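**Q** My questions concern the predicted model and sequence given below.
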Number of protein chains: 2
Amino acid sequence: MVVANKYVVVTPFVGTPKKTDFRIVEEELPALQDREFLAEAAYFSVDPYQRVKLGNQYPCDMIGGQIAIVTESKNPDYPVGVWVMGHFGWRTHTIVKPDEDKLHSQRPYLYKLPDFGDLPVTLGLGVCGRVGNTAYFGLTEICQPKIGDTVVVSAAAGAVGSHVGQIAKILGCRVIGFASTEEKCEWLVNELGFDSAGNYKTIDIAEFLKKNAPNGVDCYFDNVGGVISSIVMSHMNHYGKIAVCGAISSYNETDVGTSKALIVERYIVAKELKVEGFQVNRFADRSMEGIRQNLQWVKEGKLKYREHIFNGFDNAPEAFIGLFNGVNIGKTLVKI
Amino acid sequence: MVVANKYVVVTPFVGTPKKTDFRIVEEELPALQDREFLAEAAYFSVDPYQRVKLGNQYPCDMIGGQIAIVTESKNPDYPVGVWVMGHFGWRTHTIVKPDEDKLHSQRPYLYKLPDFGDLPVTLGLGVCGRVGNTAYFGLTEICQPKIGDTVVVSAAAGAVGSHVGQIAKILGCRVIGFASTEEKCEWLVNELGFDSAGNYKTIDIAEFLKKNAPNGVDCYFDNVGGVISSIVMSHMNHYGKIAVCGAISSYNETDVGTSKALIVERYIVAKELKVEGFQVNRFADRSMEGIRQNLQWVKEGKLKYREHIFNGFDNAPEAFIGLFNGVNIGKTLVKI
């Protein structure tokens, strides 16, 4: 008999998530039925969206994607030894019946990893997974930048932001990033090829944009919302496009819906801006297209990535908390 | 020799516009040249956009559309007696050379009024003019409502808002308006057929929406921006669409760019909202299509309108100021 360990979120997060918000629970798994397989987690994905996508009932299982290997199988499509990406949540072992796509809200729920060659399987949770597709489809489909456009990215050192900026460079754009430390900004400019990057905690954002985007901003890929975004929007060019991918600046509000920022509608109408929120699920039917394109760029050396890997099942909450206090750089993962 | 009287804006508006911001200047007009005609103003248009579309140099001529009649002509396309709509600004007499479209920023600069039949020429500045086209194209092209959708309109008793709500009703939507007095709200519901209307100064907007939009909001036609808009956006349905037509709530800021409202990005991403600013110039090539459709609806009795006409050239500033303190209902005009 297999015993799974899983994380349960005990109560709704209030303010910054705390370790005591989580509890580890053991779960005895039954024997496999026909068409089922057993997946053993190798890596958990740790993402900001997990903060806001939990249900309304507590305690509840922690959500999230994982890279897992099939260790037992009664499904010939998923034989033992196959690597999969699955939205199984933060749990060590999962019985999966692929015919039942039980998590429609996190499409695709399950797929076999493509052949990454010499590259690590962790790419399946990062640049060549849901995160990479968020960057790829969000930038190319929502912002639709043209050669020579000036593209601004917030939370630019995060998994999505660092990827977005590099695609924008591949597409021939001038790229400006905002991040929360000097170290992150240096990484963006010196290693990833951003044209400039500013530490929003210490700079005057408006002045920085005047200097580094002298022709205005054409596209803004927004991961944070709020104060920074209002200022960027005031520097947009006519018909500028804004892809709103996240709003992490307000996710940790203790009293939800109280954070304020400069009114943006005056800029939206004056410059006829298009602001569109999106979730990668929208492009679920094109998942493999995005993964293959990102994988090709990685193999060609055009797309660099950094992984922030926390070791051990027990450290998952710490990894998660690190997302919200600016500690993590690149894609955050937990090695099981 | 003809002497024109015109309004000049002496200094940039600070806070609510004041009568002393304007000065009347006399201008001697030269004799007509070939292809020119003389237009004598009958009505001035008074619109919020005039607050924000002046140039950067002062003193400057006041901008705006007018309905005028041709009183002298050396242009066979515009014979004496023809009515025109022209963006001539607030001036009594104008020499026009149609071949020179000198105000590209206010397209269309000039056209002959279509035949309004028994209806007044003032329609050419309201429901069957630029204002009507703002409502028509903004709602149908940016919001694209479907039958049964719930549509919210802010500044709903204004020229654009009252028109938008009625088109939404024609298209089979449930329509909710926000306005600044009980009188306006009664007009919207009892005469224009809005399903409900709330005085945003006295109601709890969120509670009002919960009650009157129990299935959520699909489309929001926004004329005001700011506090009201943040609350409406928090009640939008997935893939909801927002047409941002104006941001009058922040136009009168004394210190521009200081008004704050609840951060909207969290709603934009959670519901994958599309927020798009627009100006009617974008649809200038389809001006006559919009005018004819609106005229047909007026003739069929499906589209009602109210005009707030101030009498006399001297009262134009008062008419303008009335836009910003909530005094005016429907389309504001000045009869010369």
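**A** Okay, I see it.
**Q** So A:Asn237 is in contact with A:Pro214, correct?
**A** No: taking C-beta atoms under 8 Å as the definition, A:Asn237 is not a contact partner of A:Pro214, at 11.5 Å. C-beta: built from backbone N, CA, C; applies to glycine.
**Q** between those two, which one's more packed in?
**A** Legend: neighbour count by other C-beta atoms under 10 Å in any protein chain shown for A:Asn237 and A:Pro214, higher for A:Asn237 (16 against 9).
**Q** Confirm that one sits in a strand?
**A** Yes: counting by DSSP: H, G, I helix; E, B strand; the rest coil, A:Asn237 is part of a strand.
**Q** mind listing what it touches?
**A** Residues near A:Asn237 by C-beta atoms under 8 Å, 6 or more residues apart in numbering or on different chains: A:Thr150, A:Asn215, A:Gly216, A:Val217, A:Asp218, A:Lys271.
**Q** let's see it at 10 Å
**A** Contacts here follow C-beta atoms under 10 Å, 6 or more residues apart in numbering or on different chains; on that basis A:Asn237 touches A:Asp149, A:Thr150, A:Ala213, A:Asn215, A:Gly216, A:Val217, A:Asp218, A:Cys219, A:Lys271, A:Leu273.
**Q** I'd like the distance between A:Asn281 and chain B.
**A** A:Asn281 is 9 Å from chain B, where distance means C-beta to the nearest C-beta, to the nearest Å.
**Q** OK, now which residue of the stretch 51-200 of chain A is nearest to chain B?
**A** Residue nearest to chain B within the stretch 51-200 of chain A: A:Val52 (7.0 Å; C-beta to the nearest C-beta).
**Q** thought that residue was touching B:Tyr267?
**A** No: A:Val52 is not in contact with B:Tyr267 according to C-beta atoms under 10 Å; the separation is 11.4 Å.
**Q** so how far is A:Val131 from A:Ile321?
**A** As for A:Ile321, its distance to A:Val131 is 19 Å (criterion: C-beta to C-beta, to the nearest Å).
**Q** what does A:Thr202 give?
**A** 27 Å.
**Q** More neighbours: these two, which one.
**A** For A:Thr202 versus A:Val131, neighbours defined as other C-beta under 10 Å are more numerous around A:Val131 (27 against 10).
**Q** The more buried one: what secondary structure?
**A** Applying three-state DSSP: A:Val131 is helix.
**Q** for A:Asn5, same thing?
**A** Secondary structure state of A:Asn5, per three-state DSSP, is strand.
**Q** Which residue, other than its chain neighbours, is closest to the residue in the stretch 101-250 of chain A positioned nearest to chain B?
**A** As assessed by C-beta to the nearest C-beta, chain B sits closest to A:Gly225 within the stretch 101-250 of chain A, at 2.7 Å. For A:Gly225, ignoring the flanking residues on the chain, the nearest one in space by C-beta to C-beta, 6 or more residues apart in numbering or on different chains is B:Glu265 at 2.7 Å.
**Q** Give me the neighbour count for the one you found.
**A** Residues lying near B:Glu265 (other C-beta under 10 Å) number 29.
**Q** try A:Glu40
**A** Neighbours of A:Glu40 under the rule other C-beta under 10 Å: 16.
**Q** For the closest residue to it other than its chain neighbours, give me its contacts.
**A** Leaving aside its chain neighbours, A:Glu40 sits nearest to A:Thr71 (4.7 Å; criterion: C-beta to C-beta, 6+ apart). Shown in contact with A:Thr71 (C-beta under 10 Å, 6+ apart): A:Val2, A:Phe37, A:Leu38, A:Ala39, A:Glu40, A:Val80, A:Gly81, A:Val82, A:His93.
**Q** before we move on, what about A:Asp195?
**A** A:150-151, A:165, A:168-169, A:173-177, A:188-189, A:212-213.
**Q** can you list the residues you listed in TSV and add distance to chain B?
**A** Shown next, in TSV, are the contacts of A:Asp195 (distance: C-beta to the nearest C-beta, whole Å):
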residue	distance to chain B
A:Thr150	19
A:Val151	18
A:Gly165	19
A:Ala168	20
A:Lys169	24
A:Cys173	22
A:Arg174	23
A:Val175	21
A:Ile176	19
A:Gly177	18
A:Leu188	22
A:Val189	26
A:Asn212	20
A:Ala213	18
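**Q** Just the ones in helices from those residues, please.
**A** Among the contacts of A:Asp195, the ones falling in helices (DSSP state H) are A:Gly165, A:Ala168, A:Lys169, A:Asn212.
**Q** On the pLDDT front, check the first one for me.
**A** Okay, so that is A:Gly165. The confidence metric pLDDT takes the value 98 at A:Gly165.
**Q** how deep is it tucked in, by neighbour count?
**A** When neighbours are defined as other C-beta under 10 Å, A:Gly165 has 28 of them.
**Q** need the contact list for it.
**A** The contact partners of A:Gly165, by C-beta under 10 Å, 6+ apart, come to A:135, A:139, A:151-153, A:156-157, A:173, A:175-177, A:188, A:192-195, A:197, A:221.
**Q** Just the buried residues of these.
**A** Buried by 16 or more other C-beta atoms under 10 Å in any protein chain shown: A:135, A:139, A:151-153, A:156-157, A:173, A:175-177, A:188, A:192, A:194-195, A:197, A:221, out of the contacts of A:Gly165.
**Q** Flag the helix or strand of chain A with the lowest per-element mean pLDDT.
**A** Least confident helix or strand of chain A, by mean pLDDT, DSSP states H and E, is strand A:260-262 with a mean of 82.
**Q** Partner strands of that strand, with direction?
**A** Sheet pairing for strand A:260-262, assigned by DSSP bridges, gives strand B:260-262 (antiparallel).
**Q** re earlier: heading C-terminal from the least confident helix or strand of chain A, find the next helix or strand.
**A** helix A:265-270 (DSSP states H and E).
**Q** quick one: that following helix to chain centroid distance?
**A** The chain centroid and the centroid of helix A:265-270 are separated by 29 Å, computed with C-alpha atoms, centre = their mean, to the nearest Å.
**Q** Could I have the CA atoms of that helix written out in PDB?
**A** The C-alpha trace of helix A:265-270 is given here as PDB (Å, rounded to 0.1, in the frame of the first residue of the first chain):
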ATOM      1  CA  GLU A 265      -8.800  55.500 -16.900                       C
ATOM      2  CA  ARG A 266      -7.500  58.900 -18.000                       C
ATOM      3  CA  TYR A 267      -4.500  57.300 -19.600                       C
ATOM      4  CA  ILE A 268      -6.600  54.500 -21.100                       C
ATOM      5  CA  VAL A 269      -8.900  56.900 -22.900                       C
ATOM      6  CA  ALA A 270      -6.400  59.600 -23.800                       C
END
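**Q** Report all helices and strands that it contacts.
**A** In terms of contacts (3 or more C-beta pairs under 10 Å, 6 or more residues apart in numbering or on different chains; DSSP states H and E), helix A:265-270 is packed against helix A:227-233, strand A:236-244, strand A:274-277, strand B:217-222, helix B:227-233, strand B:236-244, strand B:274-277.
**Q** So what's the residue count around A:Pro17?
**A** For A:Pro17, the count of nearby residues is 20 (other C-beta under 10 Å).
**Q** Kindly report the same for the one 3 residues further on.
**A** By other C-beta under 10 Å, the residues close to A:Thr20 number 9.
**Q** what's near enough to touch it?
**A** Each residue near A:Thr20 by C-beta under 10 Å, 6+ apart is listed here: A:Val10, A:Thr11, A:Pro317.
**Q** out of those, who's nearest A:Asp47?
**A** The shortest approach to A:Asp47 among the contacts of A:Thr20 belongs to A:Pro317, at 14.0 Å (C-beta to C-beta).
**Q** thought the closest one was touching A:Tyr7?
**A** Yes: A:Pro317 lies in contact with A:Tyr7 (C-beta under 10 Å); the separation is 7.5 Å.
**Q** if I look at these two, which residues touch both of them?
**A** A:Asp21, A:Phe22, A:Arg23, A:Ile24, A:Met62, A:Trp90.
**Q** Verify the stated contact: the first one with A:Gln50.
**A** No: between A:Asp21 and A:Gln50 there is no contact, the gap being 11.7 Å when judged by C-beta under 10 Å.
**Q** what touches both of those two?
**A** Applying C-beta under 10 Å, 6+ apart, one finds that A:Asp21 and A:Gln50 are jointly contacted by A:Val9, A:Phe13, A:Met62, A:Phe320.
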